[in-house]
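Trainee: Give the three-dimensional model of this entry:
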Amino acid sequence: MSNEKQVDSGRRNLLVATCAAGGVVGVATAGALVSSFQPSERAKAAGAPVEVDISDVKPGELKVVEWRGKPVWILRRTPEMMASLAKNDPQLADPASDKVYQLDMPDYCKNEARARKEHKETLVVVGICSHLGCSPSSRLAAGAQPNLPDDWHGGFLCPCHGSTFDLSARVFKNKPAPTNLDVPPYMYLSDNRIVIGKDEKGEA
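Mentor: Model (predicted):
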């Protein structure tokens, strides 16, 4: 009788140990499967809204961040830069931003500054040329410069095929780029913090 109890006890211990080991493997496998269904940090960053601290962007300076794998420019324009915008209107292909490139123009940016009224000096645009997808270079200083007109008021120059954009990222006439640069949906969380890819209507 005692031998049977010892054998049963040994089998029971073996069975418990096997089940426990199987349970650990099962939990680990389930955890791996669950985590594989969740998007990676990189995937989330590619499409998710991006919060940006703009407190370090001084007047006349440009900050570049990434949203959906594309560069987004944040330019804090000086009063002189803002005053130059109207001077460009006659030379622009689409001064009122009526044409769409890849993103619909947010209603709150349908103005000459292409910015929110409460922070008109701050431009937020996707830095991708509407011609062939190159990223233009900043040419913020006014005045004659190589590959730019003598009456240049500041803006951006696409190095690929010479398209030029003013300080509101509006394209000049007779250039390869057919439309202005895109303004993404964005909103202010505070005076010095914005979120790109999301506004009062929701996420882009």
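
Trainee: now the strands for this protein?
Mentor: With strands called from DSSP state E, the chain shows them at 50-53, 61-67, 70-76, 122-126, 137-139, 155-157, 164-165, 186-190, 193-196, 198-199, 202-203.

Trainee: so residue 203 makes contact with residue 187?
Mentor: No - look at residue 203 against residue 187 with CB atoms under 8 Å: they stay out of range, at 10.9 Å. Bear in mind the C-beta positions are built from the backbone N, C-alpha and C, glycine included.

Trainee: More neighbours: which of these two?
Mentor: residue 187 (16 against 11; other CB atoms under 10 Å).

Trainee: What separation do you get for that one and residue 72?
Mentor: 14 Å (CB to CB, to the nearest Å).

Trainee: now residue 158
Mentor: In terms of CB to CB, residue 158 sits 16 Å off from residue 72.

Trainee: now residue 159
Mentor: Going from residue 159 to residue 72 by CB to CB gives 19 Å.

Trainee: Isn't residue 109 up against residue 115?
Mentor: Yes - counting by CB under 8 Å, residue 115 is a contact partner of residue 109 at 5.9 Å.

Trainee: tell me the contacts of residue 107?
Mentor: Contacts for residue 107 (CB atoms under 8 Å, 6 or more residues apart in numbering) come out as none.

Trainee: Pass me the low-pLDDT residue ranges in this protein, would you?
Mentor: 1-46 (pLDDT under 70).

Trainee: buried ones in stretch 90-103?
Mentor: Judged by neighbour count using 16 or more other CB atoms under 10 Å, the buried positions of stretch 90-103 are 91, 92, 93, 95, 97, 101.

Trainee: Out of the residues you listed, which comes closest to residue 64?
Mentor: For these, the closest approach to residue 64 (CB to CB) belongs to residue 101, at 18.8 Å.

Trainee: can you give me the helices for the protein?
Mentor: For the chain, applying DSSP state H gives helices covering 2-37, 41-47, 79-88.

Trainee: which residues sit in contact with the residue nearest to residue 173 when sequence neighbours are not counted?
Mentor: Nearest residue to residue 173, sequence neighbours excluded (CB to CB, 6 or more residues apart in numbering): residue 93, at 4.8 Å. Residue 93 is in contact with 170, 171, 172, 173, 174, 175, 178, 179, 180, counting by CB under 8 Å, 6+ apart.

Trainee: likewise residue 57?
Mentor: Residue 57 makes contact with 63, 74, 75, 76, 122, according to CB under 8 Å, 6+ apart.
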